[in-house]
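[1] I'll drop the sequence and a predicted model, then ask my questions.
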Amino acid sequence: MPTKELRLKPIDSNNILKSKVYDQLKAAITSMDIYAAETDTKLDERRLADELGVSRTPIREALMLLEKEGLIRMIPRRGAFVVRKTKREILEMICVWGALESLAARLATANASDKEISGLRETFVSLDDPNSALAAIDEYSERNIRFHQSIIRLSKCELLQDIADGLFLHMRAIRSHSVKERGQIADSVVEHVHIIEALEKRDEVLAEKLVREHTNHLSEHVNKHVTWVE
């Protein structure tokens with residue numbers, strides 16, 4: 001016979017703390033430019049513990065989880081380092097991202113609402129004022145990243161989003177560097193507009209094609225000009 005009383009188990013405060021530390025570290029890592037420096041970024045356990053106001057135990061546990069996700073690398077007697085990819089690995093990631101985002105665009109034509117698609121126009125600088133983008137390249141870089149994240153999200157496919165999240169740390173940094181190096185913001189905005197128009201027309205073939213071509217341009221740039229990785 002069902003009981004009317006709640007049956008609860010004690011909360012493991014250690015797991016809650018570990019989860020909070022993990023969330024904080026992951027958010028910090030995914031928001032940093034891991035390719036800004038020429039050397040790998042080291043994560044100092046003592047400093048992290050001091051800044052978060054916790055012991056080093058939940059720090060170590062969180063770092064172990066981040067290593068399993070491929071975000072950091074633990075090196076014996078040296079410590080934890082944020083993972084940086086080689087040029088070959090970056091090109092492979094761009095290829096995979098292009099496949100994911102182009103599929104996301106195809107799915108978005110069927111699954112996203114008109115309001116969600118039109119909202120993409122708010123994520124980048126208007127063509128009516130291209131000089132504003134040139135004057136605020138860092139801001140445009142962030143808008144550019146949000147645009148591509150939004151396409152993934154509009155697919156409404158959770159598995160696709162989960163896979164894309166695994167690439168996001170590196171794709172964020174790669175796109176940020178590319179925008180600053182290429183200096184072709186106006187061209188990028190035009191390509192974004194064409195992608196949105198294809199999505200608004202619910203043209204799944206064209207939307208998929210334009211997204212793939214847009215990503216191919218990034219791959220071509222990295223292949224020809226990137227020298228900040230091995």
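    Sure, I can see it. Just so it is clear, the model here is predicted, and its values are computed rather than measured. Numbering: from 1, shown residues only.
[2] Tell me who's in contact with the residue nearest the centre of the chain.
    Residue closest to the average C-alpha location in the chain (Cα atoms, centre = their mean): residue 168, at 2.6 Å. Residue 168 makes contact with 30, 149 under the criterion Cβ atoms under 8 Å, 6 or more residues apart in numbering. For every residue, glycine as well, the C-beta is placed using N, CA and C.
[3] how far away is it from residue 49?
    Plainly put, residue 168 is 26 Å away from residue 49 if you go by Cβ to Cβ, to the nearest Å.
[4] now swap in residue 217 and tell me
    43 Å.
[5] what about the closest residue to residue 212 other than its chain neighbours, neighbour count?
    What sits nearest to residue 212 in space, not counting adjacent residues and going by Cβ to Cβ, 6 or more residues apart in numbering, is residue 102, at 4.2 Å. Around residue 102 there are 20 other residues, counting by other Cβ atoms under 10 Å.
[6] show me the contacts for residue 102.
    Contacts here follow Cβ under 8 Å, 6+ apart; on that basis residue 102 touches 208, 209, 211, 212, 215.
[7] What residues of the host helix or strand of it count as buried?
    Here residue 102 sits within helix 87-111, counting by DSSP states H and E. Within helix 87-111, the residues that qualify as buried are 90-91, 93-94, 96-98, 100-109, counting by 16 or more other Cβ atoms under 10 Å.
[8] again with stretch 40-54
    Neighbour counts using 16+ other Cβ under 10 Å place 40, 41, 43, 48, 49, 52, 54 of stretch 40-54 among the buried residues.
[9] Reformat the residues you listed as CSV; add secondary structure.
    What follows is those, written out as CSV (DSSP: H, G, I helix; E, B strand; the rest coil):
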residue, secondary structure
40, coil
41, coil
43, strand
48, helix
49, helix
52, helix
54, coil
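[10] Using pLDDT, spot the least trustworthy of these.
    Taking pLDDT as the measure, those have their low point at residue 40 (80).
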